[in-house]
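In: The sequence and its predicted three-dimensional model are supplied below.
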Amino acid sequence: MNAIALLTDDHRKVEALFQQFEGEADPVRRGDVGDSIMAELTAHAEAEETYFYPEARSATPGAGELTDESLKEHQQVKDVIAQIEGMQPEDAGYVPAMQRLKQLVQHHVQEEEGELFPKVSAAMGEERLSEIGSRIDEMKKASAPRA
Ligand SMILES: [Fe+2]
């Protein structure tokens, strides 16, 4: 699968999970959805950082700055995830921290889909993008504890 299609799918998946999170009143189930969101985001960040950004940088004029920006955003996402992991779903700070996480992710998605992905897509051929997509797929299959 084309790496950009795959990463875009990840974005949609996380957005759907945030929606589910917001509709969930039970703290235990909300905590489960929160865990899924954080697992998805962690795998997504790893896929982008390891397989996508390095290739994007070397193949795409102007992608260096955009991927630097994305890396900063990933760090912010990881910092908030680390905070949330130290909380219980019923803690007063849990939902606000998840809301902060959602804002960071929305911003990241807008930047990637609005700027980085179109540039990389235009610069890299379908074949190269599919190759990178396959590697991301393999990485996810190898690291996913659940089916
Ligand atoms: Fe992304």
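Out: Perfect, thanks for sending it. Bear in mind that the values here come from a model prediction, so they are computed numbers and not experimental data.

In: all helices of this protein, in order?
Out: Using DSSP state H, the helices of the chain run over 3-22, 27-47, 53-59, 63-85, 94-111, 117-123, 126-143.

In: Switch those helices over to CSV; also include mean neighbour count.
Out: To be clear about C-beta, it is placed using only N, CA and C from the backbone, and glycine gets the same treatment. Compiled in CSV, the helices of the chain are given as follows (neighbours: other Cβ atoms under 10 Å):
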stretch, mean neighbour count
helix 3-22, 17
helix 27-47, 18
helix 53-59, 17
helix 63-85, 16
helix 94-111, 17
helix 117-123, 17
helix 126-143, 15
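
In: got a markdown table for the ones you listed, with mean pLDDT too?
Out: As requested, the helices of the chain are exported to a markdown table (pLDDT from 0 to 100):
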| stretch | mean pLDDT |
| --- | --- |
| helix 3-22 | 97 |
| helix 27-47 | 96 |
| helix 53-59 | 95 |
| helix 63-85 | 96 |
| helix 94-111 | 97 |
| helix 117-123 | 95 |
| helix 126-143 | 93 |
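
In: My guess is D137 contacts A3. True?
Out: No. Shown here, D137 and A3 do not form a contact pair, counting by Cβ atoms under 8 Å, at 9.2 Å.

In: And A142, how close does it get to D79?
Out: Separation of A142 from D79 (Cβ to Cβ, to the nearest Å): 26 Å.

In: do the same with A45
Out: 12 Å.

In: same thing with A3?
Out: 26 Å.

In: which residues are contacting stretch 125-133?
Out: Contacts to stretch 125-133, defined as Cβ atoms under 8 Å, 6 or more residues apart in numbering, come from residues 1-6, 51-52, 55, 59, 120-121.

In: The same query, at a cut-off of 10 Å, please.
Out: Applying Cβ atoms under 10 Å, 6 or more residues apart in numbering, the external contacts of stretch 125-133 come out as 1-7, 47, 51-52, 54-56, 59, 120-121, 123-124.
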